[in-house]
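Q: Using only what follows, build the 3D model:
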Amino acid sequence: MRNTKRTYKDSLFRDIFNHANRLPDIYEALIGGKVTPEDIVLATINETLFTGIHNDVSFIVRNQYVLLTEHQSTINKNMPLRLLMYLAEIYRRYVDQDAIYKKNLIPLPAPKFYVFYNGEVEMPDRWELRLSDAFDGRKGDMDLIVEVLNINDAPHRPLLDKCHALKSYSVFVAKVREHVKNGSTLEAAVGEAVRYCIDHDYLKEYFRQKQQEEVFDMLNFVWDQERALEVCAEEAREDGIKEGLSQGLSQGLSQGLSQGLSQGLENGLTASIRNVMGSFNVSMEKAMDVLQIPADERAKYAALVKG
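A: Residues are numbered from 1 along each chain as shown. Have a look, this model is predicted:
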């Protein structure tokens, strides 16, 4: 089992929303009903030497509900599993260590799971991820359903209309992307987006209190971007080789096993290069770097990708 070390630092989303005064609007937009900051207890998991895990924003409301929310700019089908692990840790901290051995039922806040998506790949307003999708068709005795909500700035998004803080975050990210696409560096784009949000009352007080450099540092992502690219490229390579071998075995029945496997591997690696280029918006050369395509084979794969 591969043990990948993540380098962690607070994301901008985490820094903004781990404050009880910004969470009532999120609760009301997601579930309904009025609550105050005094009704909310933060339950966000901060990474420690012993647990090694953290999550974005979790909070308990009147001991009735615990909301676990994650912010994602890419689609991750393993979010139900991650959220299950987070919930177990939150419940472990919530109850007395000895209470689970007593006969009386322990009241627990009911869990609700949400992912706020604001990636650049066009997605619907909402969709679901299920833990049972990982069971490969087998029926288990439990499931965990995650509601994924698109928070990209766009008209007619009820969640953004109901929650000004989420709307503000969405506007900020959209402005950063707009300036980067127009040729600005990320640092300059962050500065322009901060000024826009202050001028237009989008998290005005928050951005006034934060230094531009601090916002830039937090926006520079929780994952080290190069490492994230390498991990996902490795996965794409494995998937491409697996698919290519399967195709190659089929082709090998008709044209010779060795030739079929060779062609299948070529097809699989070609698909992996295209996948990495499209998913991360990187050049063909960069994609071949992270996929570790040998130098003497790059011209061949470049022709296959373009073909």
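Q: Poorly predicted segments of the stretch 1-150 of the chain, please.
A: Within the stretch 1-150 of the chain, the segments meeting pLDDT under 70 span 1-10, 47-52.
Q: And the strands in it, which stretches?
A: 40-42, 57-61, 65-72, 110-117, 126-130, 145-150 (DSSP state E, counting those that start in this stretch).
Q: Adjacent strands (with direction) for the third one?
A: What that stands for is strand 65-72. Its sheet considered, strand 65-72 pairs with strand 57-61 (antiparallel), strand 110-117 (parallel) by DSSP bridges.
Q: For the strands of the stretch 1-150 of the chain, give me JSON lines that also has mean neighbour count and distance to M277.
A: In this view, the C-beta of every residue, glycine as well, is placed from N, C-alpha and C. Shown next, in JSON lines, are these (neighbours: other Cβ atoms under 10 Å; distance: least, Cβ to Cβ, whole Å):
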{"stretch": "strand 40-42", "mean neighbour count": "16", "distance to M277": "40"}
{"stretch": "strand 57-61", "mean neighbour count": "21", "distance to M277": "33"}
{"stretch": "strand 65-72", "mean neighbour count": "21", "distance to M277": "21"}
{"stretch": "strand 110-117", "mean neighbour count": "20", "distance to M277": "22"}
{"stretch": "strand 126-130", "mean neighbour count": "15", "distance to M277": "25"}
{"stretch": "strand 145-150", "mean neighbour count": "18", "distance to M277": "24"}
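Q: And H54, its phi and psi?
A: Phi and psi for H54, reported as degrees, to the nearest 10, are phi -150, psi 160.
Q: Could you report the distance from it to Y86?
A: Distance of H54 to Y86, computed by Cβ to Cβ, to the nearest Å: 9 Å.
Q: Neighbour count: the two, which is higher?
A: Y86 (23 against 17; other Cβ atoms under 10 Å).
Q: Now that one. Nearest residue, chain neighbours left out?
A: Distances taken as Cβ to Cβ, 6 or more residues apart in numbering put N55 closest to Y86, at 4.6 Å, once the chain neighbours are dropped.
Q: follow-up on the earlier one: dump the strands of the stretch 1-150 of the chain into a markdown table; add distance to Q97 as well.
A: Shown next, in a markdown table, are those (distance: least, Cβ to Cβ, whole Å):
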| stretch | distance to Q97 |
| --- | --- |
| strand 40-42 | 19 |
| strand 57-61 | 18 |
| strand 65-72 | 19 |
| strand 110-117 | 20 |
| strand 126-130 | 31 |
| strand 145-150 | 29 |
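Q: how close does the residue nearest to the spatial centre of the chain get to N150?
A: Centroid check for the chain by Cα atoms, centre = their mean gives Q72 as the closest residue, at 2.8 Å. From Q72 across to N150, the span is 11 Å (Cβ to Cβ).
Q: Work out for me the element the closest residue to L304 other than its chain neighbours sits within.
A: Spatial nearest neighbour of L304, excluding adjacent residues (Cβ to Cβ, 6+ apart): T270 at 4.5 Å. Per DSSP states H and E: T270 is located in helix 257-280.
Q: One more: A189?
A: Counting by DSSP H and E, A189 is found in helix 186-199.
Q: same deal with H156?
A: Counting by DSSP H and E, H156 is part of no helix or strand.
Q: what's it in contact with, if anything?
A: Contacts for H156 (Cβ atoms under 8 Å, 6 or more residues apart in numbering) come out as none.
Q: And it, how far from P124?
A: Distance, H156 to P124, using Cβ to Cβ: 13 Å.
Q: Could you break this structure into its assigned domains?
A: Residue ranges for the domains of the chain, per automatic domain parsing: 12-219, 225-306.
Q: ok, back up a step: so can I have CSV of the strands paired with strand 65-72 showing distance to G33?
A: Compiled in CSV, the strands paired with strand 65-72 are given as follows (distance: least, Cβ to Cβ, whole Å):
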stretch, distance to G33
strand 57-61, 9
strand 110-117, 13
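Q: The residue nearest to the centre of the chain is in contact with L83, isn't it?
A: No - between Q72 and L83 there is no contact under Cβ atoms under 8 Å: 11.5 Å.
Q: Send me the strand or helix carrying K167 as CSV with only the CA atoms.
A: Using DSSP H and E, K167 maps to helix 164-181. Backbone C-alpha positions of helix 164-181 (Å, rounded to 0.1, in the frame of the first residue of the first chain) are rendered in CSV as follows:
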residue,chain,number,x,y,z
HIS,A,164,-23.8,35.5,0.9
ALA,A,165,-20.5,34.2,2.3
LEU,A,166,-20.5,31.3,-0.2
LYS,A,167,-21.5,33.7,-3.0
SER,A,168,-18.6,36.0,-2.0
TYR,A,169,-16.1,33.1,-2.1
SER,A,170,-17.4,32.0,-5.5
VAL,A,171,-17.1,35.6,-6.9
PHE,A,172,-13.6,35.8,-5.5
VAL,A,173,-12.5,32.6,-7.2
ALA,A,174,-14.2,33.6,-10.5
LYS,A,175,-12.4,36.9,-10.5
VAL,A,176,-9.0,35.3,-9.9
ARG,A,177,-9.6,32.9,-12.8
GLU,A,178,-10.7,35.8,-15.0
HIS,A,179,-7.5,37.8,-14.4
VAL,A,180,-5.3,34.7,-14.8
LYS,A,181,-6.9,33.9,-18.2
